[in-house]
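Undergrad: attaching a predicted model along with its sequence, questions to come.
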Amino acid sequence: MGSLEITILDYGISRAQSEYDNEPVAYDLERDLSLFTSEHAAQCRVYRQMRSFLLRGDRICLPPEDHKEPYAVGIDGPLSWAIYEPYTNVLWLAYLYEWMVEHFRGPKKEVNSFRRTTKEFWSYLDPEADENMPGFESASDILRYAVEVGWLDQNQLIGGRDEVEKSILSIITIDDGEDGVADRSLRRSPRKRRPTAI
């Protein structure tokens, strides 16, 4: 599993923002609540986790029957899929992690080794982790973690597409202090506790 390269691209039901226009382009998921109430596919749980997060602001996934009111009021007012919420990316990456582990067709010892190697990583990624467990807040946090533990290095993030790659590199670099040297105490990416709902 260590040599596997994955490119993720899915704009089917997503959100994007033009660099020329401040208005995001987003599919309004509230128009079809069956995405959240259905249980026919594993992805439906991820949609429920996303919507639950917008409603509650924590990792608790509400059951299908709690997703029947369109534009319900969440922690930031009526639900809007046009807002940028980086934690939804974490939920999809957790889904992909679980899917890859579950569907791995190689020797069992390899997937067990992968699980051992990624145990700490999964503890921060797992959307069903105990509420006291810190978690990744964004895909940027995940990328920082991968660099910190040595799974990726900066050279892998620099390449042919300079502008895109530079933006990726900016995610993992730490701001230098006045003397041009980064504070090593800030090296670890934050795995913050999610606020609990009141």
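TA: Yep, it's here.
Undergrad: ok, T37 - contacts?
TA: 44, 64-65, 67-68 (C-beta atoms under 8 Å, 6 or more residues apart in numbering). To be clear about C-beta, it is placed using only N, CA and C from the backbone, and glycine gets the same treatment.
Undergrad: let's see that with 7 Å instead.
TA: 64, 67-68 (C-beta atoms under 7 Å, 6 or more residues apart in numbering).
Undergrad: out of those, which is most surrounded?
TA: Among the contacts of T37, H67 has the most neighbours (other C-beta atoms under 10 Å), with 22 neighbours.
Undergrad: now do the contacts for that residue.
TA: By C-beta under 7 Å, 6+ apart, H67 lies in contact with 33, 36-37, 48, 51.
Undergrad: same deal with S52?
TA: By C-beta under 7 Å, 6+ apart, the contact list for S52 reads 60-62.
Undergrad: and it, which helix or strand is it part of?
TA: Using DSSP states H and E, S52 sits within helix 42-56.
Undergrad: which parts of that helix are buried?
TA: Neighbour-count burial for helix 42-56, counted by 16 or more other C-beta atoms under 10 Å, picks out 44-56.
Undergrad: go on, stretch 59-71?
TA: Result for stretch 59-71 [16+ other C-beta under 10 Å]: buried residues 59-61, 64, 66-67.
Undergrad: any idea how far apart the tips of that stretch sit?
TA: Using C-alpha to C-alpha, to the nearest Å, one end of stretch 59-71 lies 20 Å from the other.
Undergrad: and what of stretch 28-40?
TA: 21 Å.
Undergrad: now find how far off-centre that stretch is within its chain.
TA: Counting by C-alpha atoms, centre = their mean, to the nearest Å, stretch 28-40 is centred 20 Å from the centre of its parent chain.
Undergrad: tell me the contacts of A94?
TA: By C-beta under 7 Å, 6+ apart, the contact list for A94 reads 125-127.
Undergrad: cool, and K68?
TA: K68 makes contact with 33, 37 under the criterion C-beta under 7 Å, 6+ apart.
Undergrad: tabulate the contacts of S52 (TSV), appending secondary structure and pLDDT.
TA: Shown next, in TSV, are the contacts of S52 (DSSP: H, G, I helix; E, B strand; the rest coil; pLDDT from 0 to 100):
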residue	secondary structure	pLDDT
I60	coil	95
C61	coil	97
L62	coil	98
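Undergrad: of those, closest to L91?
TA: Distance to L91, by C-beta to C-beta, is smallest for C61 among the contacts of S52, at 9.5 Å.
Undergrad: the closest one is in contact with Q49, isn't it?
TA: Yes. Using C-beta atoms under 7 Å, C61 makes contact with Q49 at a distance of 4.8 Å.
Undergrad: just say helix, strand or coil for I13.
TA: coil (DSSP: H, G, I helix; E, B strand; the rest coil).
Undergrad: okay, now the unreliable bits of the protein?
TA: 1-12, 158-198 (pLDDT under 70).
Undergrad: again, only using 80
TA: Applying pLDDT under 80 to the chain picks out residues 1-14, 17-19, 154-198.
Undergrad: please consider this matter closed, and thank you.
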